[in-house]
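>>> Just a sequence and a predicted model for now, questions to come.
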Amino acid sequence: MTRYRAKVATENASRYLQQLCKHWSHKFDVGFDPNHGRIAFDADTSLVLDAELAWLSLRLEGRDAERVSRLRGVVAEHLQRFGFREELAIDWHEDVELG
């Protein structure tokens, strides 16, 4: 399993979470509320979003490392497009499991 995490500084976290989820809900299995969302791109690949006061937390994971890598760019591109009024820094970090 390949996992990446990012925390995006923004006071509009809930709005962006909902925009991303609504945007992809016509194509993928999506569930969300104002503070938490999950987009299942396929049976093995998903994006989990959590809105906090000043952060949007993202966790992207999947079995196909190449697909997950491509989706990092797709998610970042969409988020930057929705947040064009502010400079959003999306810095993905690989989440390495210990053990």
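Great, that's in hand. Numbering: from 1, shown residues only.

>>> ok, the residue nearest to the spatial centre of the chain - contacts?
Nearest residue to the geometric centre of the chain (CA atoms, centre = their mean): residue 58, 4.2 Å. Contacts here follow CB atoms under 8 Å, 6 or more residues apart in numbering; on that basis residue 58 touches 4-8, 47-49, 75, 90, 92. In short, each C-beta sits where N, CA and C put it, glycine included.

>>> one more time with 6 Å, if that's ok
Applying CB atoms under 6 Å, 6 or more residues apart in numbering to residue 58 gives the contacts 6, 49.

>>> secondary structure element for it?
Per DSSP states H and E, residue 58 falls inside strand 55-62.

>>> any weak-confidence spans in this protein?
For the chain, applying pLDDT under 70 flags the ranges 97-99.

>>> Quick one: distance of the lengthiest helix in it to the chain centre.
Taking DSSP state H as the criterion, the chain has its longest helix at helix 65-82. Helix 65-82 sits 8 Å away from the centroid of its parent chain (CA atoms, centre = their mean, to the nearest Å).

>>> by contact count, what packs against that helix?
strand 2-9, strand 55-62 (3 or more CB pairs under 6 Å, 6 or more residues apart in numbering; DSSP states H and E).

>>> so what strands line up beside the strand holding residue 58?
Strand pairing for strand 55-62, determined by DSSP bridges: strand 2-9 (antiparallel), strand 45-51 (antiparallel).

>>> Nearest to residue 82, out of those?
Nearest to residue 82, of all the strands paired with strand 55-62, is strand 2-9, at 11.1 Å by CB to CB.

>>> got a list of contacts for the closest one?
Applying CB under 6 Å, 6+ apart, the contact partners of strand 2-9 are 55-61, 65, 68, 72, 88, 90-95.
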